[in-house]
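1. Attaching a predicted model along with its sequence, questions to come.
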Amino acid sequence: MARGEWSRVTDLADAGLVRPAARSEHIGAWDEARQVLLIHGGSNLEGDLWAFDATSEAWTRTVTAVAPAARAAHAAGWDPAKQALWVHGGHNSQTKTWFRDVWRFQSGAWTLEFDGAGPCGRQAHVAVWVSSTSSLWVHGGWTGSRRLSDLWSYNDQAHGWQELAPVAPSGVPPARSHHVAVWDGTGQALWMHGGYSDSLLGDLWTLDASGLSWTEVVSDGGPTARSGHAAVWDDANRRLWLHGGNDGFLKRELWRYETGSNIWSLVAEHAGPSGRWSH
């Protein structure tokens, strides 16, 4: 998207184009240094890893001898310092497995980092990479029988999990799945929006990393309650961007939230990608 307009990068009509198969419930991460988008897994349960080079506008599949089991609805964070993709959890509907393992993809190879005590197996949760502590944080999700509200940190140096208990347990977001979360590196805070609990959620929360205190952010306007949307964080301008999701209808809207002014803006409503969720 340039100058406030959507533009199609690849077209379904491009004959012979090498690219990933259609899917949902996959993970994605942006490598700013190399200008590459990585995607992995998803509903097709192929367990495949692809890289899209934004400069050449070409897809490349990476095949390795060791790799995570095929899964969907997993969560991921990107470590820009080490150019590493961190992956946690997910679900395989064919084997009825809810994963709890932690994998790292770096320098063209997968490594199983951890598969022991820590968060229970889950899907449709969120993850962010916290560079200041070299940690992967995960929140919430669905176990197959219940939704979760727990927050965990996996430390790259200690190679272990720690549950992060909030200072005021009564003031925490309700359990949820299919939500979105981003990490504010400047403010050292986690931002989280929407998802599904007993019903669709449209709430916005922020967690101060130093005090582990949650605050619900209330503002006028903003997106309808929804799940399965996508989010990215603009650290330079401290903005949260949201796209799509499902509020009973597949949405195609693009929203921007300004943290400084506490204002939501509908940037695009009818143009751009078709309505979608779990992207």
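-> Done, it's in.
2. List the residue ranges of this protein that fall below the pLDDT cut-off.
-> Scanning the chain for pLDDT under 70 picks out the ranges 1-4, 11-16.
3. all strands of the stretch 51-200 of the chain, in order?
-> Secondary structure of the stretch 51-200 of the chain by DSSP state E, counting those that start in this stretch: the strands cover 58-62, 75-79, 84-88, 91-92, 97-98, 102-106, 109-114, 126-130, 135-142, 147-155, 160-163, 180-184, 189-196, 200-208.
4. any chance of these in a markdown table, plus mean neighbour count and distance to Pro68?
-> Bear in mind the C-beta positions are built from the backbone N, C-alpha and C, glycine included. Conversion of these to a markdown table gives the following (neighbours: other C-beta atoms under 10 Å; distance: least, C-beta to C-beta, whole Å):
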| stretch | mean neighbour count | distance to Pro68 |
| --- | --- | --- |
| strand 58-62 | 14 | 13 |
| strand 75-79 | 23 | 11 |
| strand 84-88 | 25 | 6 |
| strand 91-92 | 22 | 10 |
| strand 97-98 | 18 | 11 |
| strand 102-106 | 20 | 5 |
| strand 109-114 | 15 | 7 |
| strand 126-130 | 23 | 14 |
| strand 135-142 | 26 | 14 |
| strand 147-155 | 19 | 15 |
| strand 160-163 | 14 | 18 |
| strand 180-184 | 22 | 21 |
| strand 189-196 | 24 | 24 |
| strand 200-208 | 19 | 28 |
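5. Quick one: those as CSV, columns for distance to Ala230 too.
-> Below are the strands of the stretch 51-200 of the chain laid out as CSV (distance: least, C-beta to C-beta, whole Å):
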stretch, distance to Ala230
strand 58-62, 19
strand 75-79, 13
strand 84-88, 17
strand 91-92, 19
strand 97-98, 22
strand 102-106, 20
strand 109-114, 24
strand 126-130, 11
strand 135-142, 16
strand 147-155, 20
strand 160-163, 26
strand 180-184, 7
strand 189-196, 11
strand 200-208, 15
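6. Relative to His279, which of these is closest?
-> strand 180-184 (10.9 Å; C-beta to C-beta).
7. Neighbouring strands of that closest one in the sheet, and parallel or not?
-> strand 189-196 (antiparallel) (DSSP bridges).
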